[in-house]
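Asker: Okay, predicted coordinates and the sequence, questions at the end:
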Amino acid sequence: MKKRKDGRYQKKVMLSDGRSRIVYGRTIAEVSQAANALRDQDRQGLVVGDTTTVDEWAKTWFATYKSDLRANTQAMYRNAYNVHILPYLATQKLRDVRPVHIQQVMKSVAGLSDSMQHKVLLTMRQLFTTARQNGLVISDPTEGVKTTPHAKPQKKTHLTLQEQEQLMASLSDPRARCFVGLPLLWPAPGGGTGLAVGGYPGG
């Protein structure tokens, strides 16, 4: 175990084929967890290395970390990856992905729902968090990346004078005019007044 100048810890892990990998973490416990995960994958025969692409890791990640989830949750991750992430990152090496590449993916889904944006970002974040824990990348390029919030439509609290006149003019039944007109007698926001029951100002 060694502490780096940037404050993080690192540890060398020997693999079954004689190669060595270095795992990183912010704490000793995090490094130990990453080292254990890497040894587990090595025992399972999973191939990991500096040239691992995003798509190669995505397949390993899904089989290792997501295969025991419910079917609809698995489908959510598959859809987020296959439809929105794969076209942009699949062939890139994990170690070459930068925050700007993550931002490009998020920009492509900026017009979609907040929920879909969250699913895409969650999928990428988990992909790269586990890649970092397994020593495939030094840092997580999804850190600091956010979704694009959509402006929520403002609720209409009152009718304009013109809208009140049009509403009353559209009613022919006196009882309906009375029923609709009564609420309009209350003062409108901003100090204005509503229509008289007759359906027009002063009526």
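Answerer: Looks like it arrived, so ask away.

Asker: which stretches of the protein form helices?
Answerer: If DSSP state H is used as the criterion, the helices of the chain fall at 28-43, 54-61, 71-79, 86-89, 99-108, 114-133, 161-169, 174-181.

Asker: Now for residue 20: which residues touch it?
Answerer: By Cβ atoms under 8 Å, 6 or more residues apart in numbering, the contact list for residue 20 reads 12-14. Bear in mind the C-beta positions are built from the backbone N, C-alpha and C, glycine included.

Asker: Show the pLDDT at it.
Answerer: Per-residue confidence (pLDDT) for residue 20: 83.

Asker: would you turn the contacts of residue 20 into CSV with pLDDT, distance to residue 169 and neighbour count?
Answerer: Formatted as CSV, the contacts of residue 20 follow (pLDDT from 0 to 100; distance: Cβ to Cβ, whole Å; neighbours: other Cβ atoms under 10 Å):
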residue, pLDDT, distance to residue 169, neighbour count
12, 89, 82, 12
13, 88, 80, 19
14, 85, 85, 11
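
Asker: ok, of those, which one's closest to residue 104?
Answerer: The shortest gap between residue 104 and any of these belongs to residue 13, at 32.4 Å (Cβ to Cβ).

Asker: Tell me if I'm right that that closest one and residue 39 touch.
Answerer: Yes - counting by Cβ atoms under 8 Å, residue 13 does reach residue 39; the two are 6.4 Å apart.

Asker: Quick check: closest non-adjacent residue to the residue positioned nearest the centre of the chain.
Answerer: Centroid-nearest residue in the chain: residue 118, 1.7 Å away (criterion: Cα atoms, centre = their mean). Residue nearest to residue 118 in three dimensions, not counting chain neighbours: residue 147, with 5.8 Å by Cβ to Cβ, 6 or more residues apart in numbering.

Asker: so what's that neighbour up against?
Answerer: Contacts were defined as Cβ under 8 Å, 6+ apart; by that measure residue 147 touches 106, 114, 117-118, 121.

Asker: picking that back up, which of the contacts of residue 20 lies closest to residue 81?
Answerer: Nearest to residue 81 among the contacts of residue 20, with distances taken as Cβ to Cβ, is residue 13, at 27.3 Å.

Asker: ok, that closest one to residue 43 distance?
Answerer: Distance from residue 13 to residue 43, counting by Cβ to Cβ, to the nearest Å: 12 Å.

Asker: picking up where we left off before, who wins for proximity to residue 143 among the helices of the chain?
Answerer: Residue 143 lies closest, by Cβ to Cβ, to one member of these: helix 99-108, at 7.5 Å.
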